[in-house]
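1. the sequence isn't on hand, but the structure is:
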């Protein structure tokens, strides 16, 4: 089968090799899926860069949309999802076929194309886990999202609105349709994030913070929380060390945690996508814009993610759709 193989750590053009690989043989409880579309995520770029300790060689890719081509009752079913260990501990989705545990599969929304379904993947999963499962957002609460113009931030914005919460977006670029926006890219560094949030919340501070940036924004994001606030961060191990006073947490009884999405259970992830399906089918959530690439253009697609194509999901088409 046609596949992308991660042969070495480095830039996409150095790390990724396009070629032929054996079609995987499903094990007990597994099915073979023909991959029609597979997104490229920052996680995949980090994997290619050697930051995740993945044993090489390895077929990368975590997100997918495709058709079950062997697997009993599911054969012929259109499925979508994101595998927590794919591309790192087992062969991933940047290939024509992938073998997956049947419990990792969710039926694809009927109204989404394969490319749109693959584009939901890791970004919406991360947003759901942080906003719904970890922070337990409630109607009427205020959610500050740093890096809110990125794919996770946009997904979190939509999910927060669905649950009746009010998002505040802190980013370098203002996404369309955002009412409450804080520009963190001011050249003179004049924007005080915590002060701006207090102004927008009438002095109360935010109820929740989703920090997708970390680094120098962590401490001001922490100070943006009101008493009893909850904060989740999803930044990487490569982020720089930061300094802040523990009193920021103790004195306001804050809850601060992180999300290690690569350790989520595959069946749990499929359950999240089962919850997504009616939200997309009824137009409550919408797929992001996508740019599609042939599989042999994978290095270019990875580079596009590295370059920060804000608001557009890069999607490979392994089956040539």
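-> Now that the structure is in, tell me what you want to look at. Quick caveat, the model's predicted, so the values are computed rather than measured.
2. give me the pLDDT for the residue lying farthest from the centre of the chain.
-> Distance from the C-alpha centroid of the chain, by Cα atoms, centre = their mean, peaks at residue 251 (32.3 Å). Looking at residue 251, its pLDDT is 94.
3. quick check: the gap between it and residue 223.
-> Distance, residue 251 to residue 223, by Cβ to Cβ, to the nearest Å: 11 Å. All C-beta spots, glycine's among them, are computed from the backbone N, C-alpha and C.
4. likewise for residue 149?
-> 22 Å.
5. cool, residue 229 as well?
-> Distance from residue 229 to residue 223, by Cβ to Cβ: 10 Å.
6. the more surrounded of those two?
-> A count of neighbours by other Cβ atoms under 10 Å puts residue 229 above the other of residue 229 and residue 223, at 24 against 19.
7. now the residue farthest from the centre of the chain: phi and psi?
-> phi -70, psi -20 (degrees, to the nearest 10).
8. can you check residue 141 too?
-> Torsion angles, degrees, to the nearest 10, at residue 141: phi -80, psi 160.
9. residues contacting residue 124?
-> Contacts for residue 124 were tallied using Cβ atoms under 8 Å, 6 or more residues apart in numbering; they are 155, 159, 276, 285.
10. residue 126: which of those is nearest?
-> Using Cβ to Cβ, residue 155 is the member of the contacts of residue 124 that lies nearest residue 126, at 7.5 Å.
11. pretty sure residue 76 contacts residue 67?
-> Yes. The criterion here is Cβ atoms under 8 Å, and residue 76 meets it with residue 67 at 6.6 Å.
12. which one's more surrounded, those two?
-> Legend: neighbour count by other Cβ under 10 Å for residue 76 and residue 67, higher for residue 67 (18 against 9).
13. my read: the more buried one touches residue 32, true?
-> No. Counting by Cβ under 8 Å, residue 67 does not reach residue 32; the two are 9.9 Å apart.
14. mind checking the SS state of residue 219?
-> Following DSSP: H, G, I helix; E, B strand; the rest coil, residue 219 is assigned to helix.
15. how many neighbours does the closest residue to it other than its chain neighbours have?
-> Computed as Cβ to Cβ, 6 or more residues apart in numbering, the closest residue to residue 219 that is not its neighbour in sequence is residue 244, at 4.3 Å. Neighbour count for residue 244, taken as other Cβ under 10 Å: 12.
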